[in-house]
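>>> Sequence first, then the predicted structure, then my questions.
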Amino acid sequence: QVQLVESGGGLVQAGGSLRLSCAASGSIFRIDAMGWYRQAPGKQRELVADITRRGSTNYADSVKARFTISRDNARNTVYLQMNSLKPEDTAVYYCNADVQVAGGGGGMNYWGKGTLVTVSS
């Protein structure tokens, strides 16, 4: 079994910054792509950013130049640095990972439980 635990959410004023972290633990052989998604009230979950194991990144247009995704493969952790936050960034942010499970368990996709980010105007 694999668990993803997010941290770093909270309340921030518009223009401020937050850094989210997501640590994976459990029966992990290797983690391939990792990513951050978000879901605002009444809206569908959407991709914010993702990153391959080698560090190639992809961002939603709405966060380009404001958010930066990074990862530490040795720690099985992915980060999301969020700058110049806007009220429309308010959402629950979820971590996602494509994991090769140890012991020949194959590849599976996992989600964290989410962390709430609230940006006040």
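Great, that's in hand. Numbers count the residues shown, from 1 in each chain.

>>> same for the least confident helix or strand in the chain by mean pLDDT, what does it pack against?
Using mean pLDDT, DSSP states H and E, strand 106-111 stands out as the lowest-scoring helix or strand of the chain, at a mean of 95. Counting contacts by 3 or more Cβ pairs under 8 Å, 6 or more residues apart in numbering; DSSP states H and E, strand 106-111 packs against strand 2-7, strand 91-101. For the C-beta atoms, the positions are set from N, CA and C on the backbone; glycine is no exception.

>>> thinking N73 is in contact with I28, fair?
No: applying Cβ atoms under 8 Å as the test, N73 and I28 come out as separate, 10.8 Å apart.

>>> neighbour-wise, which of these two wins?
I28 (17 against 13; other Cβ atoms under 10 Å).

>>> Quick check, the more buried one in contact with A102.
Yes: contact criterion Cβ under 8 Å: I28 and A102 qualify, at 6.0 Å.

>>> show me what contacts the residue nearest the centre of the chain?
Residue closest to the average C-alpha location in the chain (Cα atoms, centre = their mean): W36, at 2.8 Å. Contact analysis of W36 by Cβ atoms under 8 Å, 6 or more residues apart in numbering lists 20, 22, 47-50, 69, 78, 80, 93-96.

>>> Among the residues you listed, which one has the most neighbours?
Among the contacts of W36, the one with the most neighbours (other Cβ under 10 Å) is V78, at 29 neighbours.

>>> what residues does the helix or strand containing it touch?
Applying DSSP states H and E as the criterion places V78 in strand 77-82. Surrounding strand 77-82, the residues in contact under the criterion Cβ under 8 Å, 6+ apart are 17-24, 34-36, 48-49, 51, 63, 66-72, 89, 93, 95, 97, 117.
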